[in-house]
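*Asks:* A predicted structure for the sequence below; I have some questions about it.
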Amino acid sequence: MKFLRQMLTIAAKDLRSELRTKEALNASLSFALVILLLFSFAFDPTSDMTREISGGLLWLVFAFAGVLLLNRSFARELPNDCLDALIASPLPGAALLLGKVLANYVLLLGIECVCLPVFGIFYNVRWTLQPAWLALVLLLGTWGMTVVGTVFSALTVNMRLRELMLPMLVYPVLIPCLMASMRLTTLILAGQPITGDELAWFKMLIGFDVIFTALAVALIDTVLVG
Amino acid sequence: MKQKILYALGVVAALLLTRNIWTMLTKLPDEAFQGAIFRIIFFHVPCAFTCFLCFFMALIAAIAYLSTHNLKWDAFAVAATEVGLAFGAANLVTGMIWARIIWGIWWTWDWRLTSMLVCWLLYAGYLVLRDAIEEPTERARLAAVMSILSFSVVPFVFFSIKWFRTQHPQPVLYGGGSMDSAYRIMLYLNWLPILIFAIILITIRMGQERRQRELDALRREIHAF
């Protein structure tokens, strides 16, 4: 119970400071929109092809925008030695991590909720065909992305070229999660039912989330303190 | 003494390899469907085995470092990863040469090929991460975490390929594949010199890491004056 409260305190702190300054949120949202625009030059956005690759496009946008957001997650604590203060506080490392993951999760889901209708309008995709399935994929895929991303944000926080290192390290690790999310999203946007073989992708997504949440919680003290 | 053992091992590996190549080229018949090029499998598959063995050893070394904080384990981890990457590259390149002749293309985004490339990139990221950190203990600690995270992605990538039909030939040594016993023996026999070669490289690389550490310590001592 105490752990939960500590976690929520961190999440609330992060959300509050982000919503007051909006520095990462604005940057990542406008970046997502710019990428959505750029994709339209890469291929003909009205053709049937859009429907075939829509999941991939959407998750690429989320991944790019997400990394911008995640980069700030621990970097925000660097001025005034806030990170040292957080580590020195009686908070367990896992609560600190999960609090930050939760804050990033909420922010990224918010960005996704804005991008989705814009994507639907610009690329003529009907994304409301199977809203429950789509929501499930978004919730699971985004969780995997934020958990892994936040751990790597902590890992790279003191490095040279931090902004470059995070995407370089985090995308290959995210491949199973992105692969499953992309495939499921494409099917859902095309209005195809999720059955049999495709359910295996859900299992993979859930497995990825569970394993990497456990690993993140287990390794975060090593990453932050040593 | 250690140096001499390494040289002796190197000679053994070279002799074995020469004998294997001789047998491969003169004694073993061409494969019925693929012709002469099939012989690349005797290097392609052992390289993949060696690569994954190295990555697995790097994982063990990473866990050992985190529990003992002995920098020797870190040296072992980086040596194993680098050698693993080299053999992974050999596996990819031999595969591409084979694909060019049998399939007519160098590369296809087949899941098997893609998954191997993903693995390779993950561990290349490990080396980039090491380069970005100056302080040795911090580098060792964060690199160990990266190694553990990288290794936990590998099973996902490899299981995901089970759900697809892949262009890549099915495994010949396990899981229902079949291979003539003469070929099979040759494959294992050729793995031996490659494995010895990997061990030699890892030992040399570990020695380099140790000397680097000693140099850094001396340099710090000079700066302290």
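*Replies:* That came through fine. Residues are numbered from 1 along each chain as shown, chains lettered A, B, ... in the order given.
*Asks:* Might you enumerate the residues of chain B proximal to chain A?
*Replies:* Contact residues (C-beta under 8 Å from any C-beta of the partner chain) of chain B with chain A: B:66, B:118, B:121-122, B:125, B:128-129, B:132-133, B:137-138, B:141-142, B:144-146, B:148-150, B:152-153, B:156-157, B:159-160, B:163. For every residue, glycine as well, the C-beta is placed using N, CA and C.
*Asks:* Now chain B against chain A: closest residue?
*Replies:* In chain B, no residue comes nearer to chain A than residue B:156, which is 3.8 Å away by C-beta to the nearest C-beta.
*Asks:* show me the contacts for that residue.
*Replies:* Neighbour list for residue B:156: A:176, A:204, A:207, A:208 [criterion: C-beta atoms under 8 Å, 6 or more residues apart in numbering or on different chains].
*Asks:* So which of the residues you listed is the closest to chain B?
*Replies:* residue A:176 (3.8 Å).
*Asks:* I'd like the contacts of residue B:156 written out as JSON lines, with pLDDT, secondary structure and distance to chain B added.
*Replies:* Shown next, in JSON lines, are the contacts of residue B:156 (pLDDT from 0 to 100; DSSP: H, G, I helix; E, B strand; the rest coil; distance: C-beta to the nearest C-beta, whole Å):
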{"residue": "A:176", "pLDDT": "88", "secondary structure": "helix", "distance to chain B": "4"}
{"residue": "A:204", "pLDDT": "88", "secondary structure": "helix", "distance to chain B": "7"}
{"residue": "A:207", "pLDDT": "92", "secondary structure": "helix", "distance to chain B": "8"}
{"residue": "A:208", "pLDDT": "93", "secondary structure": "helix", "distance to chain B": "6"}
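*Asks:* Would you mind putting these into a markdown table with neighbour count alongside?
*Replies:* Compiled in a markdown table, those are given as follows (neighbours: other C-beta atoms under 10 Å in any protein chain shown):
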| residue | neighbour count |
| --- | --- |
| A:176 | 28 |
| A:204 | 22 |
| A:207 | 17 |
| A:208 | 28 |
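*Asks:* where does chain A dip in pLDDT?
*Replies:* Applying pLDDT under 70 to chain A flags residues A:47.
*Asks:* Contact distance from chain B - what residues of it qualify?
*Replies:* For chain A, the contact set with chain B under C-beta under 8 Å from any C-beta comprises A:148, A:151, A:155-156, A:158-161, A:165, A:168-169, A:172-173, A:175-176, A:179-180, A:197, A:200, A:204, A:207-208, A:211-212, A:215, A:219, A:222-223, A:226.
*Asks:* let's go with 7 Å and repeat that
*Replies:* Residues of chain A lying close to chain B by C-beta under 7 Å from any C-beta of the partner chain are A:155, A:159-161, A:165, A:168-169, A:172-173, A:175-176, A:179, A:197, A:200, A:204, A:208, A:211, A:215, A:219, A:222-223, A:226.
*Asks:* Those, buried ones only, as a PyMOL selection?
*Replies:* What follows is the PyMOL syntax selecting those of those that are buried according to 16 or more other C-beta atoms under 10 Å in any protein chain shown:
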select buried, chain A and resi 155+159+165+168+169+172+173+175+176+179+204+208+211+215+219+222+223
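*Asks:* Filter the residues of chain A next to chain B down to the ones in helices?
*Replies:* Residues of the residues of chain A next to chain B located in helices (DSSP state H): A:155, A:165, A:168-169, A:172-173, A:175-176, A:179, A:197, A:200, A:204, A:208, A:211, A:215, A:219, A:222-223.
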